[in-house]
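K.L.:
Sequence and predicted structure, then a few things I'm wondering about:
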Amino acid sequence: MDKKTIAWIVAGVVALGFVLLTTVVITGGVVYFILKNQQGGVNPAPQPVSITTEIARILDGNPADAARIQAVYTAMADVLEKDTEGIIKSTEDVRQANGLVGRLAYGTELKGKYPGLATAVDNEIIRAIGRQRVELSSDMKAKCVQAFRDIARGASEANQ
């Protein structure tokens, strides 16, 4: 056998090996996809519920309290948005303002009345500005204003 024939045989074997390997990988991927997505298989993760929907669900059937919460969070969004002097300087200032305004606006009247409400609001603020105590950037400020508006909109939807 000459060198050219041997080279063609080696090339053929390598190509055949590549084809077999590709077939196994593709088949394995297809089988995995089918098994993962069939009935009784691994279900996709549930889609997160928006804060608006969550607040509306928590406050559903309580229009008076929903109206108060809507007014408070609309006002908080407006105040933060109009703070051009930088009075609210840090993420900690936002958290403290949220707590103080809540206590001033509702006292202890709403404390524990709506399970999940405080956690939902706190989680939305964390989503907007994080957990760290840092200077409030213009991007964080805009996200926090939007979070307050979303909370107010959820209360508004419960109020209808």
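P.N.:
Arrived safely.
K.L.:
Remind me which helix or strand the closest residue to L80 other than its chain neighbours belongs to.
P.N.:
The shortest distance from L80 to any non-neighbouring residue, by CB to CB, 6 or more residues apart in numbering, is to V145 (5.3 Å). No exception for glycine: its C-beta is placed from N, CA and C like everyone else's. In this assignment (DSSP states H and E), V145 forms part of helix 138-159.
K.L.:
Could you name the helices and strands sitting against that helix?
P.N.:
Helix 138-159 sits against helix 51-59, helix 63-81, helix 117-129, with contacts defined as 3 or more CB pairs under 8 Å, 6 or more residues apart in numbering; DSSP states H and E.
K.L.:
Can you point out the buried residues in the helix or strand following the second one?
P.N.:
Following the chain from helix 63-81 toward its C-terminal end, the next helix or strand by DSSP H and E is helix 91-106. Within helix 91-106, the residues that qualify as buried are 91, 93-95, 97-98, 102, 105, counting by 16 or more other CB atoms under 10 Å.
K.L.:
okay if I get those residues as TSV plus distance to L136 and pLDDT?
P.N.:
Below are those laid out as TSV (distance: CB to CB, whole Å; pLDDT from 0 to 100):
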residue	distance to L136	pLDDT
T91	6	94
D93	7	94
V94	7	94
R95	11	92
A97	11	91
N98	13	90
G102	19	82
A105	22	81
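K.L.:
Since that was my last question, I'll sign off now.
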